[in-house]
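Enquirer: Give the three-dimensional model of this entry:
(chains A and B)
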Amino acid sequence: AQSVAQPEDQVNVAEGNPLTVKCTYSVSGNPYLFWYVQYPNRGLQFLLKYITGDNLVKGSYGFEAEFNKSQTSFHLKKPSALVSDSALYFCAVRDGGATNKLIFGTGTLLAVQP
Amino acid sequence: NAGVTQTPKFQVLKTGQSMTLQCAQDMNHNSMYWYRQDPGMGLRLIYYSASEGTTDKGEVPNGYNVSRLNKREFSLRLESAAPSQTSVYFCASSEHRAIQPQHFGDGTRLSIL
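Expert: Prediction:
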């Protein structure tokens, strides 16, 4: 069965510092991996995805994520955090073409301090 | 603005009451989804509609029914609301089922007393 884990409930970082939000996954086939962001009282917004190809994926708002097959990880990164990046971040995984079902992690709250 | 529109935004129900959550998208997307979001649990798929005229169960379909009224609209019905259905409900859409949910509505916050 497919699953995804976000080991940190909250990540705190100072503005201007690099940030990392961690995600690990488990699927039986080839993973399709996604990151979404949710601002207060809003729906999720799609940030980026990995299907195949380069392990470093670039997305919206300066975010990028690195796919690591050996560590089954897909960590979200940004070189320089902004206060406006403060939000709830969700990692999600789909088991390739085997299913249409997207499994979401429990979310990581990113707090960027000025 | 183009996107996914959900109504109502807030609702309080008594146990046993029924109601329908409405969702409409204006992006000509084929696939639509209903999720619920509960604290510490991420999003869980209730039902989805891969295309007009089809619907399928997700992870947590019990207690819910859906209708894909046309290509634009996908409604979620609670026939007899229970306190365990207190949640935030999100509708989402994508161009087709092979693509992840691309656009989400802003949610319906539902409390069942």
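
Enquirer: Contacts only, for B:Cys91.
Expert: B:4, B:6, B:21, B:23, B:25, B:32-35, B:74, B:76, B:104-105 (C-beta atoms under 8 Å, 6 or more residues apart in numbering or on different chains). In short, each C-beta sits where N, CA and C put it, glycine included.

Enquirer: Please list all residues in contact with B:Arg36.
Expert: Contacts of B:Arg36 (C-beta under 8 Å, 6+ apart): B:Leu43, B:Arg44, B:Ile46, B:Val60, B:Ser87, B:Val88, B:Tyr89, B:Phe90.

Enquirer: So the fourth one lies in a strand, does it not?
Expert: Spelled out, it's B:Val60. No - under DSSP: H, G, I helix; E, B strand; the rest coil, B:Val60 sits outside any strand and is assigned coil.

Enquirer: quick one: the helix or strand hosting A:Lys77 near chain B?
Expert: Assigned by DSSP states H and E, A:Lys77 belongs to strand A:73-78. No - shown here: strand A:73-78 not in contact with chain B (C-beta under 8 Å from any C-beta of the partner chain), separated by at least 13.6 Å.

Enquirer: CA atoms only for the helix or strand following that strand - export them in PDB, please.
Expert: Counting by DSSP H and E, the next helix or strand C-terminal to strand A:73-78 is strand A:87-95. Extracted in PDB, the C-alpha atoms of strand A:87-95 (Å, rounded to 0.1, in the frame of the first residue of the first chain):
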ATOM      1  CA  ALA A  87       1.700  28.200   5.500                       C
ATOM      2  CA  LEU A  88       0.800  24.500   5.800                       C
ATOM      3  CA  TYR A  89       2.600  22.300   3.300                       C
ATOM      4  CA  PHE A  90       1.400  18.900   2.100                       C
ATOM      5  CA  CYS A  91       3.300  16.200   0.400                       C
ATOM      6  CA  ALA A  92       1.300  13.600  -1.700                       C
ATOM      7  CA  VAL A  93       2.100  10.400  -3.500                       C
ATOM      8  CA  ARG A  94       0.500   8.400  -6.200                       C
ATOM      9  CA  ASP A  95       1.600   4.900  -7.200                       C
END
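
Enquirer: Can you classify the residue most central in space within chain B by secondary structure?
Expert: The centroid of chain B falls nearest to B:Trp34 when counting by C-alpha atoms, centre = their mean (2.9 Å). On the three-state scheme (three-state DSSP), B:Trp34 is labelled strand.

Enquirer: and the residue of chain B found nearest chain A, what are its bridge partners?
Expert: Using C-beta to the nearest C-beta, the closest approach of chain B to chain A is made by B:Phe104 at 3.0 Å. When assigned by DSSP bridges, B:Phe104 has beta-bridge partners B:Ala92.
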